[in-house]
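*Asks:* just coords:
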């Protein structure tokens with residue numbers, strides 16, 4: 001088997017070289033262990049009773065593949081030199097396996113987002129209505145085809161293959177692949193959020209100033225004062241935009257700041273780390289927010305009350321609840337369940 005070279009090559013795919021020896025596979029094991037624990041934590045924090053769509057199923061497949069990579073690195077690091085199914089595995093294969101996974105992860109940002117967009121478009125447009133089992137099987141089939149197709153491309157494409165050299169490569173360095181898809185996707189999301197904030201910054205600031213955080217029925221809620229005779233309508237995108245921004249940023253503002261910092265300081269993150277479940281759920285909430293905002297004229301109450309986001313409750317943008325006896329001196333307020 002071959003390993004990825006540490007020397008320069010003419011491949012269009014960007015490789016960054018680590019200054020740490022290959023013997024630092026313990027560090028790689030710790031990084032993968034942290035990522036796996038983060039996957040378990042994020043998956044455990046999801047809202048219950050939400051309709052799982054394509055992105056949710058893909059996150060589960062990513063968690064399984066991360067677990068596979070962690071176990072593989074642990075086994076190779078432990079036995080160092082062994083033969084399995086007629087193949088000799090050494091510590092060099094840790095670098096090789098990580099590089100293959102990195103290329104595979106790095107090429108998946110655009111396809112995953114594209115399929116998620118199509119999935120939510122079909123969901124909100126109601127063009128197709130498949131039974132739950134059939135829909136789930138379709139998601140699983142799509143994910144299997146996606147993983148196998150990208151993996152076959154990584155292993156068979158000449159441009160990617162040119163990034164792999166012979167066994168004579170220096171054992172002191174293990175280059176890692178940095179994907180440009182994640183950076184461009186983050187730039188696009190931040191650009192849209194910035195434009196939306198500029199377009200409705202006065203309303204957003206007014207809502208944030210008036211917000212009150214408390215607990216209601218064992219859930220964290222935000223109280224937003226409303227005019228006495230105001231009504232909640234989904235017919236105006238302009239009125240809906242600040243509410244969508246407040247809901248989105250109320251959950252994902254730390255992640256937005258993290259993405260801004262990464263882009264400003266040009267932090268180069270290996271693709272096997274950059275593709276992670278928090279990032280995918282962040283993009284998932286953004287896509288849902290965009291679909292709600294673009295289709296606000298077509299939505300019905302059934303569409304809104306059925307949760308599709310494991311981390312953000314969007315129904316507050318359309319169906320605000322009211323507590324009339326919160327305080328004697330306070331007027332009725334709308335409830336946003338975060």
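*Replies:* Looks like it came in fine. Keep in mind the model is a prediction, meaning the values are calculated, not measured.
*Asks:* which residue is the nearest non-sequential neighbour of residue 238?
*Replies:* Leaving aside its chain neighbours, residue 238 sits nearest to residue 200 (7.4 Å; criterion: Cβ to Cβ, 6 or more residues apart in numbering). Every residue, glycine included, has its C-beta placed from N, CA and C.
*Asks:* residues in contact with that neighbour?
*Replies:* Going by Cβ atoms under 8 Å, 6 or more residues apart in numbering, residue 200 touches 238, 241-242, 245.
*Asks:* quick check: it vs residue 265, distance?
*Replies:* Computed as Cβ to Cβ, to the nearest Å, the residue 200 to residue 265 distance reads 29 Å.
*Asks:* and for residue 83?
*Replies:* According to Cβ to Cβ, residue 83 stands 44 Å off from residue 265.
*Asks:* about what we covered before: any quick ChimeraX command for the buried ones out of the contacts of residue 200?
*Replies:* Burial among the contacts of residue 200 is assessed by 16 or more other Cβ atoms under 10 Å; the matching ChimeraX selection reads:
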select :241,242,245
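*Asks:* out of the contacts of residue 200, which sit inside strands?
*Replies:* Members of those lying in strands (criterion: DSSP state E): none.
*Asks:* so what pLDDT did the residue nearest to residue 238 get?
*Replies:* pLDDT recorded at residue 200 is 89.
*Asks:* let me see the domain layout of the chain.
*Replies:* 15-178, 184-337 (automatic domain parsing).
*Asks:* weakest of those domains by average pLDDT?
*Replies:* Per-stretch mean pLDDT for the domains of the chain is lowest at domain 184-337 (a mean of 76).
*Asks:* name the element residue 176 belongs to?
*Replies:* Assigned by DSSP states H and E, residue 176 belongs to strand 175-177.
*Asks:* just checking: what are the partner strands of that strand?
*Replies:* Partners of strand 175-177 in the sheet, by DSSP bridges, are strand 15-17 (antiparallel).
*Asks:* what is the subsequent helix or strand relative to the partner strand?
*Replies:* Using DSSP H and E, the helix or strand that follows strand 15-17 in sequence is helix 25-44.
*Asks:* which elements pack onto the longest helix along the chain?
*Replies:* What stands out as the longest helix in the chain, according to DSSP state H, is helix 237-264. When contacts are defined as 3 or more Cβ pairs under 8 Å, 6 or more residues apart in numbering; DSSP states H and E, helix 237-264 sits against helix 181-199, helix 201-210, helix 277-294, strand 333-337.
*Asks:* switch to 7 Å and redo it
*Replies:* helix 181-199, helix 201-210, helix 277-294 (3 or more Cβ pairs under 7 Å, 6 or more residues apart in numbering; DSSP states H and E).
*Asks:* a markdown table for the ones you listed, including mean neighbour count and distance to residue 93?
*Replies:* As requested, those are exported to a markdown table (neighbours: other Cβ atoms under 10 Å; distance: least, Cβ to Cβ, whole Å):
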| stretch | mean neighbour count | distance to residue 93 |
| --- | --- | --- |
| helix 181-199 | 15 | 26 |
| helix 201-210 | 14 | 51 |
| helix 277-294 | 21 | 26 |
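*Asks:* can you list the ones you listed in TSV and add distance to residue 51?
*Replies:* Formatted as TSV, the helices and strands packed on helix 237-264 follow (distance: least, Cβ to Cβ, whole Å):
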stretch	distance to residue 51
helix 181-199	23
helix 201-210	28
helix 277-294	11
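*Asks:* skipping its backbone neighbours, what lies nearest the most centrally placed residue in the chain in space?
*Replies:* The C-alpha lying nearest the average C-alpha coordinate of the chain belongs to residue 280 (Cα atoms, centre = their mean; 0.9 Å). Take residue 280 and drop its neighbours on the chain: the residue closest to it by Cβ to Cβ, 6+ apart is residue 59, 5.4 Å away.
*Asks:* now do the helix or strand where the one you found lies: distance to the chain's middle.
*Replies:* Taking DSSP H and E as the definition, residue 59 sits inside helix 54-79. Centroid displacement of helix 54-79 relative to its chain, using Cα atoms, centre = their mean, to the nearest Å, is 16 Å.
*Asks:* what angle do that helix and helix 25-44 make?
*Replies:* Going by axes from the mean of the first three to the mean of the last three Cα atoms, to 10 degrees, helix 54-79 is angled at 150 degrees with respect to helix 25-44.
*Asks:* sorry, back to before: the residue nearest to residue 280: how many residues sit nearby?
*Replies:* Neighbourhood size, residue 59 [other Cβ atoms under 10 Å]: 24.
*Asks:* and it, how close does it get to residue 65?
*Replies:* 11 Å.
*Asks:* and what of residue 27?
*Replies:* When Cβ to Cβ is applied, the distance between residue 27 and residue 65 equals 20 Å.
*Asks:* check residue 248 too.
*Replies:* For residue 248, the distance to residue 65 - Cβ to Cβ - is 28 Å.
*Asks:* mind listing what the residue nearest to residue 42 when sequence neighbours are not counted touches?
*Replies:* By the measure of Cβ to Cβ, 6+ apart, the closest residue to residue 42 outside its immediate chain neighbours is residue 277, 4.8 Å from it. By Cβ atoms under 7 Å, 6 or more residues apart in numbering, the residues touching residue 277 are 39, 42-43, 59, 62-63.
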